[in-house]
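**Student:** quick one, fold the following:
(2 chains)
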Number of protein chains: 2
Amino acid sequence: MSVLVLGSIAIDSIKTQLEEHREVLGGSASYASISASFFTPVKLVGIVGSDFPREHIELFQSRGIGLDGLQVADGKTFRWSCEYEWDMNRRKTLSTELNVFENFTPKLPDSYKTTPIILLGNISPVLQNHVLEQLEDPRFIVADTMDLWITTTRPALLDLLKRVDLLVLNDSEARQLTEEASLIKAGRNILRLGPKFVAIKKGEHGCLLLSPDRFFSCGAFPLEDIRDPTGAGDAFAGGFTGYLASLQKEAFEFADLKKALVYGSLLASFCVESFSLDRIKSLSRKELDDRYKFFRLMSHFEVLE
Amino acid sequence: MSVLVLGSIAIDSIKTQLEEHREVLGGSASYASISASFFTPVKLVGIVGSDFPREHIELFQSRGIGLDGLQVADGKTFRWSCEYEWDMNRRKTLSTELNVFENFTPKLPDSYKTTPIILLGNISPVLQNHVLEQLEDPRFIVADTMDLWITTTRPALLDLLKRVDLLVLNDSEARQLTEEASLIKAGRNILRLGPKFVAIKKGEHGCLLLSPDRFFSCGAFPLEDIRDPTGAGDAFAGGFTGYLASLQKEAFEFADLKKALVYGSLLASFCVESFSLDRIKSLSRKELDDRYKFFRLMSHFEVLE
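**Tutor:** Numbering: from 1, shown residues only, chains lettered A, B, ... in the order given. Next up, the predicted model:
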């Protein structure tokens, strides 16, 4: 079952306290679509400029990602640069050049309109809503968001929440959206805004999944060294949604979502091991499945080993 | 199989931003022994003053805790007071009056010397070592420690580490002891100092268990409200050690320690729901087992539910 992935496609320049990588592939849709492609066919919806390197197009193609919904506009591709502190939970945006992204209006090719599983990657909720309006009877809709949209486009975000099945956001955003310090209460309040499920990412502390009557806590895969946290949340959302789609089901049970959350966490764990998509690009399905087995061993406490 | 619990017994005065409770039962041995008593017979080793309230003695007795190793000295019981900030991970010690605890030299009754399972609660490593010297062939030794001992009595602590099976400490202490930022690396370095296992507590983010070739990550039980974090680490150590002892085994496998870690976490989760030992005192074995089952459901992602 295929997944439609909407989001940004960017050229990033990333600085950590140890390394600097300039003009590398970034953007929520890049991380999410390639992560989802481990599990299922993906249809990308996004925009790039005429300067977008051919090698990135070839990367998408090599992963079997459909590009009929990729607009190539005159001008430069969206560019973003940031610098991480020693504590990589903290970063400073150095520059944001929207370029062709500024006037992006996602228009779905007819062949995309019946896609059953939808990932609305981190992008303005106005554009996320605009994509929803073009879809015919989607089966399951995942939406990602960020602090910027909670502050600047709250009405559109609240409108979106009424229409999606699962919202993904991080812990501080969940608190910000609900003005509630307890993460459990914040999660429950988000469910009252519309989504059937909410996934709250806690960075190096794992993530939570809530439904009105169920709860799942997923640890983070333990990494000794993190080189670049950029895109971890997008890889998480892509891995989650891709795995879910691969189940080929009419409806999803909580147990399905739990496993999807684990696969999302694992894609994020590979993502941060290197800059840009370098690690995920070279990842094999066997490496992913091996890490899944190890993760199960390290998380379960009542199984034969 | 019985557990010997060594530690402090105190009268605490605890202030949070919402409540204040004065002159309540505290101390590492109080929290640990009562937590362990849910699983197995406990022998307490500690000291109190002649002012120690009769009701606390009766509480220990009602839990079947052996008091032959409890010294009652002339003078006042150890007193401690602290204040928590809104962020309850942060607290300020307001006063510490050692009183009779200042000259405490633990002397084990003969009947205690063959106790198979030992919990050296958070107390000076000099006293922890002193107790080890009086034991005859203990089967499994758990030691808890804190930042103060890492700073002030490091040689005695390093000596202790060569003699214990499992060290319990929190994340910042693990980093402090090893001067290593990565928690996984810190844990591995601690294992090189002697213990076969190390349990690293991460507060509201759960805990980790490491052996030289194994790893387990345990989430924290999700609580909507935390009233008083005091004693959570001691309840964890007591629950852990008590459960282990209840298995009645000659040697413990990693799978045993994983389950013990879960029971320790659950005792800690009950502990923080109220001040002092109020919640643990009223806890039933059925409530504990129900929370265990819920915790398994929320942590496992590949089981029939």
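**Student:** of all the residues in whichever strand or helix holds A:Leu59, which ones are buried?
**Tutor:** For A:Leu59, the host element (DSSP states H and E) is helix A:54-62. For helix A:54-62, the neighbour count (16 or more other Cβ atoms under 10 Å in any protein chain shown) marks A:56, A:59-60 as buried. In short, each C-beta sits where N, CA and C put it, glycine included.
**Student:** beyond that helix, next helix or strand please.
**Tutor:** Helix A:54-62 is succeeded, C-terminally, by strand A:65-73 (DSSP H and E).
**Student:** and the average pLDDT for that following strand is what?
**Tutor:** Summarised as a single mean, pLDDT over strand A:65-73 is 97.
**Student:** cool, stretch A:216-229 as well?
**Tutor:** On average, stretch A:216-229 scores 89.
**Student:** list the buried residues of it.
**Tutor:** For stretch A:216-229, by 16+ other Cβ under 10 Å, it's A:216-222, A:226-229.
**Student:** in the stretch 201-305 of chain A, which spans are helices?
**Tutor:** Shown for the stretch 201-305 of chain A, the helices assigned by DSSP state H, counting those that start in this stretch span residues A:232-246, A:254-271, A:278-282, A:285-299.
**Student:** which parts of the last one are buried?
**Tutor:** If you call a residue buried by 16+ other Cβ under 10 Å, then helix A:285-299 has these buried ones: A:288, A:291-292, A:295-296, A:298-299.
**Student:** with chain B in mind, check whether it reaches it.
**Tutor:** Yes: counting by Cβ under 8 Å from any Cβ of the partner chain, contacts between helix A:285-299 and chain B involve A:296, A:298-299.
**Student:** between those residues, which sits nearest chain B?
**Tutor:** Comparing those against chain B with Cβ to the nearest Cβ places A:Met298 closest, at 4.9 Å.
**Student:** so the closest one is in contact with B:Phe216, correct?
**Tutor:** Yes: taking contacts as Cβ atoms under 8 Å, A:Met298 lies within contact range of B:Phe216: 5.4 Å.
**Student:** need the overlap of contacts for these two.
**Tutor:** Counting by Cβ atoms under 8 Å, 6 or more residues apart in numbering or on different chains, A:Met298 and B:Phe216 have no shared contacts at all.
**Student:** what residues does the stretch 151-300 of chain A put near chain B?
**Tutor:** Going by Cβ under 8 Å from any Cβ, the residues of the stretch 151-300 of chain A near chain B are A:182-185, A:202, A:205-206, A:208, A:215-220, A:222-225, A:254-255, A:258-259, A:261-262, A:296, A:298-300.
**Student:** let's see that with 7 Å instead.
**Tutor:** Taking Cβ under 7 Å from any Cβ of the partner chain as the contact definition, the stretch 151-300 of chain A meets chain B at A:182, A:184-185, A:205-206, A:215-217, A:219, A:222, A:224-225, A:255, A:258-259, A:262, A:296, A:298-300.
**Student:** count of neighbours near the nearest residue to A:Asp234 once chain neighbours are set aside?
**Tutor:** Of all residues not flanking A:Asp234 in the chain, A:Tyr31 sits nearest, at 3.5 Å (Cβ to Cβ, 6 or more residues apart in numbering or on different chains). A:Tyr31 sits with 34 neighbouring residues when counted by other Cβ atoms under 10 Å in any protein chain shown.
**Student:** any figure for the gap between A:Tyr31 and B:Pro106?
**Tutor:** 57 Å (Cβ to Cβ, to the nearest Å).
**Student:** now name the helix or strand holding A:Val45.
**Tutor:** Assigned by DSSP H and E, A:Val45 belongs to strand A:42-49.
**Student:** before we move on, which element is A:Ala143 in?
**Tutor:** Using DSSP H and E, A:Ala143 sits within strand A:140-144.
**Student:** what helices or strands is that strand leaning on?
**Tutor:** Judged by 3 or more Cβ pairs under 7 Å, 6 or more residues apart in numbering or on different chains; DSSP states H and E, strand A:140-144 is in contact with strand A:117-120, strand A:166-170, helix A:232-246.
**Student:** for the helix or strand just after the first one, what is the average pLDDT?
**Tutor:** When you say that, I think you mean strand A:117-120. Using DSSP H and E, the helix or strand that follows strand A:117-120 towards the C-terminus is helix A:125-134. The pLDDT scores in helix A:125-134 average 97.
**Student:** and the angle for helix A:125-134 with strand A:140-144?
**Tutor:** For helix A:125-134 against strand A:140-144, the angle by axes from the mean of the first three to the mean of the last three Cα atoms, to 10 degrees is 170 degrees.
**Student:** helix A:125-134: which residues count as buried?
**Tutor:** A:125, A:127-132.
**Student:** hang on, A:Trp149 packs against A:Ile123?
**Tutor:** No: applying Cβ atoms under 7 Å, one finds A:Trp149 not in contact with A:Ile123, separated by 8.6 Å.
**Student:** which one's more surrounded, these two?
**Tutor:** A:Ile123 (25 against 22).
**Student:** quick one, what contacts that one?
**Tutor:** A:6-8, A:28 (Cβ atoms under 7 Å, 6 or more residues apart in numbering or on different chains).
**Student:** element containing the residue lying closest to A:Leu161 once chain neighbours are set aside?
**Tutor:** Distances taken as Cβ to Cβ, 6+ apart put A:Gly194 closest to A:Leu161, at 4.0 Å, once the chain neighbours are dropped. Secondary structure from DSSP H and E places A:Gly194 outside every helix and strand.
**Student:** relative to B:Ser246, how far out is A:Gly194?
**Tutor:** Distance, A:Gly194 to B:Ser246, by Cβ to Cβ: 47 Å.
**Student:** again, but for A:Glu179
**Tutor:** A:Glu179 is 44 Å from B:Ser246, by Cβ to Cβ.
**Student:** if I look at the residue positioned nearest the centre of chain A, what pLDDT would I see?
**Tutor:** By Cα atoms, centre = their mean, chain A has its centre lying nearest to A:Asp234, at 2.6 Å. According to the prediction, A:Asp234 has pLDDT 97.
**Student:** does it touch A:Leu25 like I think?
**Tutor:** No: A:Asp234 is beyond contact range of A:Leu25, at 11.8 Å (criterion: Cβ under 7 Å).
**Student:** how far does stretch A:173-186 sit from its chain's centre?
**Tutor:** 20 Å (Cα atoms, centre = their mean, to the nearest Å).
**Student:** now stretch A:3-18
**Tutor:** 11 Å.
**Student:** same check, this time on stretch A:245-265
**Tutor:** 15 Å.
**Student:** with stretch A:207-216 instead?
**Tutor:** The answer for stretch A:207-216 is 19 Å, by Cα atoms, centre = their mean.
**Student:** swap in stretch A:45-59?
**Tutor:** The answer for stretch A:45-59 is 19 Å, by Cα atoms, centre = their mean.
**Student:** phi and psi next, for the closest residue to A:Arg90 other than its chain neighbours.
**Tutor:** Using Cβ to Cβ, 6+ apart and skipping residues adjacent in sequence, the residue nearest A:Arg90 is A:Tyr84, 7.1 Å away. Backbone torsions for A:Tyr84, taken as degrees, to the nearest 10, come to phi -90, psi 140.
**Student:** how near is A:Tyr84 to chain B?
**Tutor:** Using Cβ to the nearest Cβ, to the nearest Å, A:Tyr84 is found at 14 Å from chain B.
**Student:** for chain B, give me its nearest residue in the stretch 1-150 of chain A.
**Tutor:** Closest point on the stretch 1-150 of chain A to chain B, by Cβ to the nearest Cβ, is A:Trp86, at 8.6 Å.
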